[in-house]
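Asks: Everything below, folded, please.
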Amino acid sequence: MKNKRIFCLSFLLLIGVVVVFAQSDKEKAVLKLRNYYAQNYSTYPVRNKINKADTYLKQLNEEGQFEDLIAYEKEIHDKKWLDKVSFQDQQNMGLFLADATERLWVIANNFKRKKVEDVPEKFWRAVLRYGDIETRRQPNDRFHASCFAIPKAACGVYFSLFKQMDMPGDTMKLRTSACEMLKKLAFQSWTQPKRNDDTEKNIVSVERFRHHVSWVGGNALAYRPLLETAAMLDSIPMVDVVAAVAKGSLSSVSQPTYEEAFWNEGFTADGAGWGHGMQCLVWGYPIHGAQSAQNLLWTLRGTPWAETLTRENVDALLNFYRGSTFYYYKGFIPPCLDRYSMVYYEGKPAHIPYHQMMKASVERWPKSFTEDEVRELKQLITEVEKDNIRMDGYPGGHYNGTRWFYNNDDLIKRNADYYMMVNMASNRCDGLESANNFADEYNIYTNDGLTYFQRNGDEYRKVIGAMDLTALPGITAREGQERLKPFTNWRGFTSKHNFAGGATYGGQNAVAGFIFEKVDAMTREKKEVKIINPVAFGVKAYKSYFMLGDYMIALGAGVTNLEPEQEGTIRTTMEQTAHQGKVTLYDGKKQLEPTSGVNPLIDKGKSLWVMQEGGFAYMPLPEFTSKAFFCCETRPNEWLKRNLSNKGKKNLPETADIFRVWVDHGREVKDGTYGYAVYAGKGLPAKKNPFAVLRNDTLVQAVQSTDKKVLEAVFYSAGETLKWQGIPVKVSAPCVLLVEKEGKGYKISVTDPTMNTQLKEMKVEIGNTSATIALPTGKDCGKSVTKVV
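Replies: Numbers count the residues shown, from 1 in each chain. Alright, predicted model coming up:
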């Protein structure tokens, strides 16, 4: 018994020693972090103000006020905005205080550079003055300034004057008070904005940085000085949290795992990314958050918090590098992926945005990847730096071919010759945000079945300032751009229906379809949402897209104007792109010169191809389309109207030359249809179409290749039988289906377009052949799956 007691005491003593040493190691590591930031704290946020240090110091009076800011400070107190404040006045106060604290950062950095030891008292008074106003502000509507800009500036001042901060026995009360104020301001990166949940009781926790739009993605790790603040406050628990969040964030999320995933924004399981809810902001918040996570982990190397990348981290990164490549083509990003899509571009290609992050992955953690993965990423880096990602030799769907993005309702085809994108909508996703007087002001139609066809990558970028927004390519909508009003909507617009899917195995063939009926994405959270632009609403259609070799066939059924009392005809736009090549007609035998103005494409039941040199060819299918037209026109650009970020840009073109092709459904359309084909190959389209439409209605839309080796179909209902080569084709549930003949059997790719987590399998019957296909579950629910039978 005595020996047992001695053993227990010895064991507890050993554990205590281990804990003490571990804690001691962490204390030493925090000290190193403090010294590191004292030497290396980035001045990037104030880079444009650095040369104004002397001016700012002269503007600072003995009371600690910038003389040019006195009037506004007086207004704050006179109008009692610290007691009660409107949204706009709160934002203006934030800008005022961010400006003031950033000026102090610039001055402090200049003191550091000049090795000034006798910092004037007015500087410390300024820290206290502006800090006092900031910390007394009401909690409502505080965001960018309070959690990003001001904490960064506070850290900047602290580490610039590091030798004068927290000095043992410091008797200068003004300086010590200013030091404490800087800490309060920096800590706002952990406290602002208020979440009003249980994490308010435990600020320094991993849960603080999960499941809230303001606390995930770039909003969590990229723009907040979290680790800098932890070092500033000499806090081991804060560093513990930062390390855990950085590690956990390198994972993925999907609609079915939305509540359990580490982050409910960031990388999505399909290889893209979400930001500001379920928006496909693939190049914004997701990449900012992931890149910052890697940087934080790298900063912590050689400390007790040092981590290698886990297999989950590596898989998430690889999936993103492969998948997001589909949202980039030859140096350009399609203008539908962020709130700056309508900003004028300079016509210069740029590296894909993940370039630096990917290089860091390979250079910093090569041992976390397999040899084949390192080889793949090194080849990718080489091609990225040429702005032309090919990655020949890798499986279809990795970098080229076709890929279905099931978390974002996108089907994309990408190869060396051309690029096709179909941007659909369902009630499982958000649309694209708009921000009046701040960013894009008219992102209204970007998820309505938008289709892009590109060879150069910039065909739409160069004319987005002039395009008729009610006639974006691929959409079915009511004409009336002149009635659109600018607005702010942080969730965008989507479809009220839970049906959007795409089927592919990554090869050249793919199919997708969705049910379109526009709603504000906020209706999922609010019963009543004010409609700002009624012209954009009240249209319904069943829309499908069939990628078959170098052709894409688009079908529409059930096209209905639900609000015929509104002015304007209903149109389906086949194309609206830059007019940059000669436009001719083709009747299957010879090319014809069109007349100027608006030209019809259907005459007496026969249709023509219209082709743009260096571009694509388009033809309406007369059995489903009665009226189709095209024109070449010069339209005025509205750069400033569409995005104020264009203000100050030089040489903005006043007009743009546009090539437009469309179907006219009329104003009273009810259960209408349309059909058209786009040819992306080289030379002229085939004299006889290499495809045939099998059905186009609200139950089934289907196309086959004329050699009958490929079937593509969208089943909106499970109880339908589709005839293919005289053989009945049936499915057990609504689905999107791709079938290719392989010898005596079939390669079947199928997707559940409703992302039903309870649906575990899909039964496909092709004549006497029956295949029961297990559907992906968990985060991959909704993914296309392939089986050979």
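Asks: What about residue 519? Give its phi and psi, please.
Replies: Its backbone dihedrals place residue 519 at phi -140, psi 160, with angles given as degrees, to the nearest 10.
Asks: Look up how far residue 571 lies from it.
Replies: Relative to residue 571, residue 519 is positioned 20 Å away (criterion: Cβ to Cβ, to the nearest Å). To be clear about C-beta, it is placed using only N, CA and C from the backbone, and glycine gets the same treatment.
Asks: These two: who's more crowded?
Replies: Between residue 519 and residue 571, residue 571 has the larger neighbour count (other Cβ atoms under 10 Å), namely 25 against 18.
Asks: isn't there a strand covering that one?
Replies: Yes: the assignment for residue 571 by DSSP: H, G, I helix; E, B strand; the rest coil puts it in a strand.
Asks: Not counting sequence-adjacent ones, nearest residue to it?
Replies: Spatial nearest neighbour of residue 571, excluding adjacent residues (Cβ to Cβ, 6 or more residues apart in numbering): residue 662 at 5.0 Å.
Asks: and the one you found, bridged to which residues?
Replies: Using DSSP bridges, the beta-bridge partners of residue 662 come out as residue 573, residue 629.
Asks: Same question for residue 513.
Replies: The residues that residue 513 bridges to, once DSSP bridges is applied, are residue 501, residue 544.
Asks: Which secondary structure state is assigned to residue 664?
Replies: Quick answer, by three-state DSSP: residue 664 is strand.
Asks: for residue 298, same thing?
Replies: Secondary structure, three-state DSSP: residue 298 is helix.
Asks: Skipping its backbone neighbours, what lies nearest it in space?
Replies: Once flanking residues are discounted, residue 298 sits nearest to residue 364: 5.5 Å by Cβ to Cβ, 6+ apart.
Asks: go on, residue 764?
Replies: Computed as Cβ to Cβ, 6+ apart, the closest residue to residue 764 that is not its neighbour in sequence is residue 771, at 4.9 Å.
Asks: same question, residue 780
Replies: Of all residues beyond its chain neighbours, the one nearest residue 780 is residue 269 (5.9 Å), with distances taken as Cβ to Cβ, 6+ apart.
Asks: what sits against that neighbour?
Replies: Contacts of residue 269 were listed using Cβ atoms under 8 Å, 6 or more residues apart in numbering, and they are 252, 253, 254, 257, 319, 406, 407, 779, 780, 783.
Asks: The residue nearest to residue 191 when sequence neighbours are not counted: which element?
Replies: The shortest distance from residue 191 to any non-neighbouring residue, by Cβ to Cβ, 6+ apart, is to residue 203 (5.9 Å). Under DSSP states H and E, no helix or strand contains residue 203.
Asks: For this structure, give me the ranges with low pLDDT.
Replies: Applying pLDDT under 70 to the chain flags the ranges 1-22.
Asks: Can you tell me how far the spatially most central residue of it is from residue 149?
Replies: Relative to the mean C-alpha position of the chain, the nearest C-alpha, by Cα atoms, centre = their mean, is the one of residue 281, at 0.8 Å. The gap separating residue 281 from residue 149 is 21 Å, by Cβ to Cβ.
Asks: Next: residue 284.
Replies: According to Cβ to Cβ, residue 284 and residue 149 sit 18 Å apart.
Asks: How about residue 69?
Replies: Plainly put, residue 69 is 15 Å away from residue 149 if you go by Cβ to Cβ.
Asks: now do residue 167
Replies: Between residue 167 and residue 149 the computed distance is 27 Å (Cβ to Cβ).
Asks: Could you check which of those two is surrounded by more residues?
Replies: For residue 167 and residue 149, the more surrounded residue by other Cβ under 10 Å is residue 149, and the numbers stand at 21 against 12.
Asks: contacting residues for the closest residue to the more buried one other than its chain neighbours?
Replies: If the residues on either side of it in the chain are set aside, residue 149 comes closest to residue 98, at 3.9 Å by Cβ to Cβ, 6+ apart. Residue 98 makes contacts with 144, 145, 149, 150, 153, as judged by Cβ under 8 Å, 6+ apart.
Asks: sorry, back to before: hang on, the residue nearest to residue 191 packs against residue 192?
Replies: No: with contact defined as Cβ atoms under 8 Å, residue 203 does not count as touching residue 192 (10.5 Å).
Asks: which of these two has more neighbours?
Replies: In this comparison of residue 203 against residue 192, neighbours counted by other Cβ under 10 Å, the higher total goes to residue 192 at 22 against 13.
Asks: ok, the more buried one - contacts?
Replies: Taking Cβ under 8 Å, 6+ apart as the criterion, residue 192 is in contact with 142, 143, 146, 147.
Asks: try 10 Å this time
Replies: When contacts are counted by Cβ atoms under 10 Å, 6 or more residues apart in numbering, residue 192 touches 134, 137, 139, 142-148, 150-151, 214, 224.
Asks: and if you look at residue 347?
Replies: Each residue near residue 347 by Cβ under 10 Å, 6+ apart is listed here: 332, 458, 461, 462.
Asks: One more pass at 8 Å, please.
Replies: Residue 347 is in contact with 458, 462, counting by Cβ under 8 Å, 6+ apart.
Asks: separation between it and residue 93?
Replies: 40 Å.
Asks: Next: residue 114.
Replies: Residue 114 sits 32 Å away from residue 93 when distances are taken as Cβ to Cβ.
Asks: These two: which has the busier surroundings?
Replies: A direct count of neighbours by other Cβ under 10 Å for residue 114 and residue 93 places residue 93 higher, at 25 against 9.
Asks: ok but the more buried one is inside a strand, no?
Replies: No: according to three-state DSSP, residue 93 belongs to no strand; its state is helix.
Asks: From what I see, it and residue 136 are in contact.
Replies: No: with contact defined as Cβ under 8 Å, residue 93 does not reach residue 136; the gap is 10.6 Å.
Asks: one step back: what are the neighbouring residues in contact with the residue nearest to residue 571?
Replies: Residues 471, 571, 572, 573, 574, 576, 628, 629, 630 are the ones in contact with residue 662 under the rule Cβ under 8 Å, 6+ apart.
Asks: For stretch 414-432, measure first residue to last.
Replies: With Cα to Cα, to the nearest Å as the measure, the ends of stretch 414-432 fall 22 Å from one another.
Asks: buried stuff in it?
Replies: Applying a neighbour-count criterion of 16 or more other Cβ atoms under 10 Å, one finds 414-415, 418-432 buried in stretch 414-432.
Asks: Check which element follows the helix or strand hosting residue 702 along the chain.
Replies: With elements taken from DSSP H and E, the one containing residue 702 is strand 700-705. The first helix or strand that comes after strand 700-705 along the chain, using DSSP H and E, is strand 710-715.
Asks: Name the strands paired with that next one and say parallel or antiparallel.
Replies: With DSSP bridges as the test, strand 710-715 pairs up with strand 700-705 (antiparallel), strand 735-742 (antiparallel).
Asks: which residues are contacting that strand?
Replies: Applying Cβ under 8 Å, 6+ apart, the set of residues contacting strand 710-715 is 501, 503, 509-513, 544, 546, 548, 694-695, 699-704, 722, 724, 729, 731, 734-741, 753.
Asks: In the stretch 351-500 of the chain, what residue spans correspond to helices?
Replies: Assignment of helices within the stretch 351-500 of the chain using DSSP state H, counting those that start in this stretch yields the ranges 355-364, 371-384.
Asks: List the residues that contact residue 465.
Replies: 342, 344, 637, 638, 639, 642, 646, 652, 653, 656.
Asks: repeat that for 6 Å
Replies: With contact set as Cβ atoms under 6 Å, 6 or more residues apart in numbering, residue 465 has these partners: 637, 638, 639.
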